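[1] Need coordinates for the below:
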Amino acid sequence: METHFESAIITKDDKTIAVVSVNPGIFNDSFNATMIIKALLPVFNRIPVVLMTKDSQGSPAYFGRSDLVLFLETVDITKASWNQVTADVDLSNTCPVKEVED
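    Here you go, the predicted model:
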């Protein structure tokens, strides 16, 4: 299924992470959230991926590896450069079948 994501590549202290903004409902199912991360790895050339959503006050919340989440909590995500990514995400196969850049 072709899906559009807003994403940012964060590099700090020799760490590079792809942050992908998703709807808050994605966090309700950790299995699907993990599958989305796995499906997006090839889109970002195997850079570690963390999902992000914002709560009603606009504060970010993250889903991903705990070390990466802790790292992102030290970053001002509002200063990140966000871009749109389009990918065919097939959760049954856990990998996109094509990538399209706008």
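[2] Please report the distance of the nearest residue to Arg65 once chain neighbours are set aside from Gln57.
    Take Arg65 and drop its neighbours on the chain: the residue closest to it by CB to CB, 6 or more residues apart in numbering is Pro48, 6.6 Å away. C-betas here are computed from N, CA, C, even on glycine. Using CB to CB, to the nearest Å, Pro48 is found at 27 Å from Gln57.
[3] Quick check on the two: which one has the bigger neighbour count.
    Pro48 (17 against 5; other CB atoms under 10 Å).
[4] what's the residue nearest to Arg65 in contact with, if anything?
    Residues counted as contacts of Pro48 (CB atoms under 8 Å, 6 or more residues apart in numbering) are 16-18, 64-65, 68.
[5] low-scoring stretches of this protein, by residue?
    90-102 (pLDDT under 70).
[6] Repeat the analysis, applying 50 as the threshold.
    Residues of the chain meeting the criterion pLDDT under 50: 94-102.
[7] the strands in it, which residues?
    Ranges of strands in the chain, per DSSP state E, are 2-12, 15-21, 49-54, 60-63, 82-88, 99-101.
[8] In this structure, which residue sits furthest out from the middle?
    Gln57 (20.2 Å; CA atoms, centre = their mean).
[9] quick revisit: out of the strands of the chain, which is closest to Ala39?
    Closest to Ala39 of the strands of the chain, according to CB to CB: strand 82-88, at 7.5 Å.
[10] give me the number of residues near the nearest residue to Lys12 once chain neighbours are set aside?
    Computed as CB to CB, 6+ apart, the closest residue to Lys12 that is not its neighbour in sequence is Val75, at 6.1 Å. Val75 has 18 neighbours, counted by other CB under 10 Å.
[11] Point to the residue nearest the middle of this structure.
    Val20 (2.6 Å).
[12] how close does that residue get to Val89?
    11 Å.
[13] what residues do these two have in common as contacts?
    36, 40.
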